[in-house]
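Peer 1: got a sequence here, can you build the structure:
(one chain, ligands or ions: 1)
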Amino acid sequence: VIGFIEIVMTDSKSKVKKSNQKYLETALNEAKLLKTLIDDLLDLSQFKAGKTNMDISDISVKDLIASLIVSMKPLTKGKELKLTAKKIDKNIIIKGDYSKVRRIFLNIISNAIKFTKKGDISISCIETEHYVEISVTDTGIGIRSSEKEIIFEKFRQIDYSSRREYDGIGLGLSIVKELVEMHNGTIKIESEYGRGSTFTVLLPSL
Ligand code: ADP
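Peer 2: Below you'll find the model as predicted:
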């Protein structure tokens, strides 16, 4: 469906009226949202069924975060928002499935960008005795204490009055939680409602 809509939209010979072009754009966006929903649901049920292969390798946290910043910066466009990394020791290595670990942080950082109008999003990492702790801190809308657990449930989104201004379907953090657990890690949230949040992923250190 996405492919056919794109063909019609980009074919210079197809004479689509301006007003109809808008409908095509809407159809394309809706089709993409549905695809994300289906992909996420399938991934989530596969993770839950324990049917996912783990392709484990050594991951340099410094390199991972540098690449995440390059990929995610475009999402801050149009907002007074800085996305930066604190100084990270280049010797910090975790063992994990690179694309899955990347997906954990893509989700967390894209939420941080989505729920922060202006200010800073900063990524930091420390190594403690048992864990490598990677944190994403934002200056966004924050999360009430009572809601810190429920946002990890499927399809749960916090229903602030202005909620509708944020898109998404509420599967991101359920996927994050599964992926973190697949790496024998945990995730914690510190937040001050109205001021910002920090999501910290703890992954076993080598
Ligand atoms: P989605 O982003 O699609 O709504 P998620 O599962 O990723 O779904 O997040 C669930 C809910 O948790 C969000 O709808 C939002 O209410 C809350 N949330 C997640 N990240 C943040 C954040 N950085 N700041 C404030 N609220 C957040």
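Peer 1: up against the ligand, what does the chain have?
Peer 2: Residues of the chain lying close to the ligand by C-beta under 6 Å from any ligand atom are 107, 111-112, 115, 138, 140-141, 143, 151, 156-158, 168-174, 197. The way it works is simple: take the backbone N, C-alpha and C, and place the C-beta from them, glycine included.
Peer 1: tell me how many other residues crowd His130.
Peer 2: Residues lying near His130 (other C-beta atoms under 10 Å) number 9.
Peer 1: apart from its chain neighbours, what residue comes closest to it?
Peer 2: Using C-beta to C-beta, 6 or more residues apart in numbering and skipping the chain neighbours, the partner closest in space to His130 is Ser205 (6.2 Å).
Peer 1: for that neighbour, give me the pLDDT.
Peer 2: Ser205 carries a pLDDT value of 87.
Peer 1: confirm that Leu173 sits in a helix.
Peer 2: Yes. Applying DSSP: H, G, I helix; E, B strand; the rest coil, one finds Leu173 inside a helix.
Peer 1: my guess is Leu44 meets Ile175, correct?
Peer 2: Yes. Contact criterion C-beta atoms under 8 Å: Leu44 and Ile175 qualify, at 5.7 Å.
Peer 1: how about Ile126, what does it touch?
Peer 2: Ile126 is in contact with Val132, Glu133, counting by C-beta atoms under 8 Å, 6 or more residues apart in numbering.
Peer 1: helix or strand: which one has the residue nearest the centre of the chain?
Peer 2: Central residue of the chain (C-alpha atoms, centre = their mean): Asn107, 1.0 Å from the mean position. Assigned by DSSP states H and E, Asn107 falls within helix 98-114.
Peer 1: which residues touch that helix?
Peer 2: Under the contact criterion C-beta under 8 Å, 6+ apart, helix 98-114 has outside partners 54-55, 57, 59, 64-65, 67-68, 71-72, 75-76, 79, 81, 83, 94, 121, 123, 134, 136-138, 140, 166-168, 172-173, 175-176, 179-180, 182-183, 197, 199, 201, 203.
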